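Novice: Return atomic coordinates for the entry below.
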Amino acid sequence: MQQIVYKWIERFRMIAQMLSTPVTDANMEQSHDMILQNRWVITDEVAHQLQISHCSAYEIIHSRLAFQ
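Specialist: This is a model prediction of the structure:
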């Protein structure tokens, strides 16, 4: 049972790394520029433009850039 839990933990770490990769300085800069050009831009538009997941776009906009 303990080995199974360790495998789950390792898989979770791998998935977390893959999901966090789109949160780069370049993507944050592009997101910031998009928001400054159009304050009404939505998360889906940022995700589509940068070709990243909705979750990554949300992370950049709300957690990293602190836009509400």
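
Novice: Residues contacting the longest helix seen in the chain from elsewhere in the structure, which ones?
Specialist: The longest helix of the chain (DSSP state H) is helix 2-20. When contacts are defined by CB atoms under 8 Å, 6 or more residues apart in numbering, helix 2-20 is touched by residues Ser53, Cys55, Ser56, Glu59. Where you see a C-beta, it was placed from the backbone N, CA and C, and this is true even at glycine.

Novice: Now do the same for the most centrally placed residue in the chain: its pLDDT.
Specialist: Residue closest to the average C-alpha location in the chain (CA atoms, centre = their mean): Ser56, at 1.6 Å. Ser56 is assigned a predicted lDDT (pLDDT) of 89.

Novice: Please work out how many residues are found near the closest residue in space to it that isn't next to it in sequence.
Specialist: The shortest distance from Ser56 to any residue other than its chain neighbours is 4.1 Å, reached at Pro22 (CB to CB, 6 or more residues apart in numbering). Look at Pro22: counted by other CB atoms under 10 Å, it has 19 neighbours.

Novice: Please report the distance of Pro22 from Val5.
Specialist: Look at Pro22 and Val5: by CB to CB, to the nearest Å, they are 29 Å apart.

Novice: cool, and Tyr58?
Specialist: As defined by CB to CB, Tyr58 lies at a distance of 29 Å from Val5.

Novice: Of the two, which one has the most company?
Specialist: For Tyr58 and Val5, the more surrounded residue by other CB under 10 Å is Tyr58, and the numbers stand at 14 against 9.

Novice: In ChimeraX, select just the buried ones from the contacts of helix 2-20.
Specialist: To isolate the buried members of the contacts of helix 2-20 in ChimeraX, using 16 or more other CB atoms under 10 Å:
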select :56,59
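
Novice: residue ranges with poor pLDDT in the chain?
Specialist: Applying pLDDT under 70 to the chain flags residues 17-20.

Novice: same thing but 80
Specialist: For the chain, the stretches flagged by pLDDT under 80 are 13-21.

Novice: Thr24 and Gln68: what is the separation?
Specialist: Distance from Thr24 to Gln68, counting by CB to CB: 22 Å.
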